[in-house]
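Engineer: sharing a sequence plus its predicted fold:
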Amino acid sequence: MTDVAGKTIFITGGAQGIGLGMARAFALAGADLALADIDADALDAARHELSATARTETFPLDVRDRDAFAQAADDAEARLGPVTVLCNNAGVLGTASVTDPSPAVWDHILGTDLGGVFNGVSVFLPRMIARGGPGHVVNTASTAGVRGGRLFEYSAAKAAVIALSESLHADPDLARLGVRTTVLCPGGVRTRIIDHGIAGMPGGTSERQRTRIDDERMRTVVEQCGLAPEDVGELVLTAVREDRFYVFTDRSAQADLQERASAMLAALPEESEHDRRLAEARRRLGPAQDA
């Protein structure tokens, strides 16, 4: 999609952080904005700022609520026209340790960071298909999705977002329609995700679990070394224009990616007759869904 001018962009978590950075980039490119966020005050501020540059409508939304997501989609398209680019960006950090798991935190993080992405796809993708394309789905994952980490619920959710995105990217029917996918894997970005993560924890979270997120090293990376959200927004805009699938904001995951790939390759068994039969079947029948 070389030109987003006049297209409607729906962004969850669009009133702050990376989502607002995306909104600013798309606004300057001439797009119309539908911003959804759970923070009503942030939505008001974003609308006030961005309306000077682009047609902007805002929608209070908890992305875990599938019915509310569908209603926001209906309202956005009624006001701005069909959504061409969906940015599933809303997300929160986890707080628990894998040795001290909290079911409440798990449900909260997975419901937002993975469930919210699924809800966006399930609401908007059928509309893009019914219109015959084109369209673009941008899913915000994280380098935590490829490297793991202390906040295991967050890492698990983001790994699943990458896998979901890869499935969309590989689908031949979507490719024929011109419905593309981008998965954004940010490293350090200057947002308030740590403070929002602490404030948004569900009831029943222990004080120990609640404060585990407030890590001095993480704060240093985010606040002092992090990329500006506007720079990330420009990366996403370029990815949509140039049909790029993976988008990393920095090279911080390089060593982890190399180590992981090397370990996986080393774990493969020696080639066998079974492998040769599988390869021949794939050549004859095309790729099958792996178990």
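Structural biologist: Done, it's in. Residues are numbered from 1 along each chain as shown.
Engineer: how much space is there between Gly120 and Gly148?
Structural biologist: 25 Å (Cβ to Cβ, to the nearest Å). Glycine gets a C-beta too; all of them are placed from N, C-alpha and C.
Engineer: likewise Gly30?
Structural biologist: 40 Å.
Engineer: quick one on the thing from earlier: so Gly120 and Gly148 - more neighbours on which side?
Structural biologist: Gly120 (28 against 16; other Cβ atoms under 10 Å).
Engineer: hang on, the more buried one packs against Phe69?
Structural biologist: Yes: using Cβ atoms under 8 Å, Gly120 makes contact with Phe69 at a distance of 6.7 Å.
Engineer: quick one: contacts for Phe245?
Structural biologist: By Cβ atoms under 8 Å, 6 or more residues apart in numbering, the contact set of Phe245 is Ser165, His169, Arg180, Thr181, Thr182, Val183, Ala239.
Engineer: which entries within those residues meet the buried criterion?
Structural biologist: Among the contacts of Phe245, the ones that count as buried by 16 or more other Cβ atoms under 10 Å are Ser165, His169, Arg180, Thr181, Thr182, Val183, Ala239.
Engineer: let's have those residues in a markdown table, adding distance to Gly115.
Structural biologist: Below are the buried ones among the contacts of Phe245 laid out as a markdown table (distance: Cβ to Cβ, whole Å):
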| residue | distance to Gly115 |
| --- | --- |
| Ser165 | 15 |
| His169 | 20 |
| Arg180 | 23 |
| Thr181 | 18 |
| Thr182 | 20 |
| Val183 | 17 |
| Ala239 | 24 |
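Engineer: of the residues you listed, closest to Cys87?
Structural biologist: Proximity of these to Cys87 (Cβ to Cβ) peaks at Thr182, which lies at 9.0 Å.
Engineer: am I right that Ala25 is in contact with Pro229?
Structural biologist: No: using Cβ under 8 Å, Ala25 is not in contact with Pro229; the gap is 9.4 Å.
Engineer: ok, which stretches of the chain are helices?
Structural biologist: Under the criterion DSSP state H, the chain contains helices at 17-28, 40-50, 66-80, 103-109, 115-130, 144-147, 152-170, 172-177, 193-199, 207-212, 216-220, 229-242, 254-267, 273-285.
Engineer: quick one on the thing from earlier: what do Gly120 and Phe69 both touch?
Structural biologist: Val63.
Engineer: between the helices of the chain, which gets nearest to Asp3?
Structural biologist: Closest approach to Asp3 among those (Cβ to Cβ): helix 229-242, 7.6 Å.
Engineer: what residue ranges in the stretch 151-291 of the chain score low on pLDDT?
Structural biologist: Where the stretch 151-291 of the chain drops to pLDDT under 70, the residues are 192-225, 287-291.
Engineer: please redo it, this time with the cut-off set to 80
Structural biologist: Within the stretch 151-291 of the chain, the segments meeting pLDDT under 80 span 190-226, 286-291.
Engineer: relative to Gly14, how far out is Asn88?
Structural biologist: From Asn88 to Gly14 the distance is 11 Å (Cβ to Cβ).
Engineer: next: Gly149.
Structural biologist: In this view, Gly149 and Gly14 are 26 Å apart by Cβ to Cβ.
Engineer: of the two, which one has the most company?
Structural biologist: Neighbour count, other Cβ under 10 Å: between Gly149 and Gly14, Gly14 has more, with 31 against 15.
Engineer: thinking that one is in contact with Ala42, fair?
Structural biologist: No: in this structure, Gly14 is not within contact of Ala42 by Cβ under 8 Å, at 9.1 Å.
Engineer: ok, now which ones touch the residue nearest to Gly145 when sequence neighbours are not counted?
Structural biologist: In this structure, Gly145 finds its nearest non-sequential neighbour in Lys158, 3.2 Å apart by Cβ to Cβ, 6 or more residues apart in numbering. Counting by Cβ under 8 Å, 6+ apart, Lys158 touches Gly91, Asp113, Ala141, Ser142, Ala144, Gly145, Cys185.
Engineer: tell me which of the residues you listed fall in strands.
Structural biologist: When DSSP state E is applied, the contacts of Lys158 are split such that Cys185 fall in strands.
Engineer: for Arg244, state which of the contacts of Lys158 is nearest.
Structural biologist: Minimum distance to Arg244 across the contacts of Lys158 is 11.9 Å, recorded for Cys185 (Cβ to Cβ).
Engineer: neighbours around that closest one, how many?
Structural biologist: Neighbours of Cys185 under the rule other Cβ under 10 Å: 23.
Engineer: these two touch, right, it and Val138?
Structural biologist: No: the pair Cys185 / Val138 is not scored as a contact, 11.6 Å apart, by Cβ under 8 Å.
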